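Asker: return atomic coordinates for the entry below.
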Amino acid sequence: MTIDRKAAIAAYKERKTVAGIFVVRCAASGEAWVGQAPNLETIQNRIWFTLRQGGHPCRSLQAAWNAHGEAGLTFGECERLEDEESAYVRNALLKERALHWQAKLKAEAT
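Answerer: Okay, here's the model as predicted:
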């Protein structure tokens, strides 16, 4: 391995992740789904992958994808959480804030 590659790998492993709440919306049906993620930077790729494969656990979101396709859905961030050292506290806060946004946006959970 070259030194540049080792440095890039080390930098990747040490990067900070940003936890938060996200929303997926369907413009055609007006539906919305709210979820929580320990890493907002990667969650859209994960959701879109499971939707493309037809195996997303949220049936209504999968149905919207099947009916309207990728172009019919949009992804957005609702809230980013401050850096929290304790995973337990972070997870509790994520659950609380996801419930808040579900109520505010009249959305389903993902």
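Asker: so where do the strands sit in the protein?
Answerer: Using DSSP state E, the strands of the chain run over residues 20-26, 32-37, 73-80, 108-109.
Asker: need these in JSON lines (columns: distance to Thr50 and mean neighbour count).
Answerer: C-betas here are computed from N, CA, C, even on glycine. Putting the strands of the chain into JSON lines (distance: least, CB to CB, whole Å; neighbours: other CB atoms under 10 Å) gives the following:
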{"stretch": "strand 20-26", "distance to Thr50": "12", "mean neighbour count": "22"}
{"stretch": "strand 32-37", "distance to Thr50": "12", "mean neighbour count": "22"}
{"stretch": "strand 73-80", "distance to Thr50": "13", "mean neighbour count": "15"}
{"stretch": "strand 108-109", "distance to Thr50": "15", "mean neighbour count": "14"}
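Asker: possible to save those strands as CSV with distance to Ala8 and mean pLDDT?
Answerer: As requested, these are exported to CSV (distance: least, CB to CB, whole Å; pLDDT from 0 to 100):
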stretch, distance to Ala8, mean pLDDT
strand 20-26, 26, 98
strand 32-37, 24, 98
strand 73-80, 25, 97
strand 108-109, 36, 96
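Asker: any chance of a markdown table for those strands, columns distance to Thr2?
Answerer: Shown next, in a markdown table, are these (distance: least, CB to CB, whole Å):
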| stretch | distance to Thr2 |
| --- | --- |
| strand 20-26 | 35 |
| strand 32-37 | 33 |
| strand 73-80 | 35 |
| strand 108-109 | 45 |
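Asker: which of those sits closest to Lys6?
Answerer: Go through the strands of the chain one by one with CB to CB and the one that ends up closest to Lys6 is strand 32-37, at 29.0 Å.
Asker: out of the strands of the chain, nearest to Gln44?
Answerer: Set against Gln44 and scored by CB to CB, the strands of the chain come closest in strand 73-80, at 4.6 Å.
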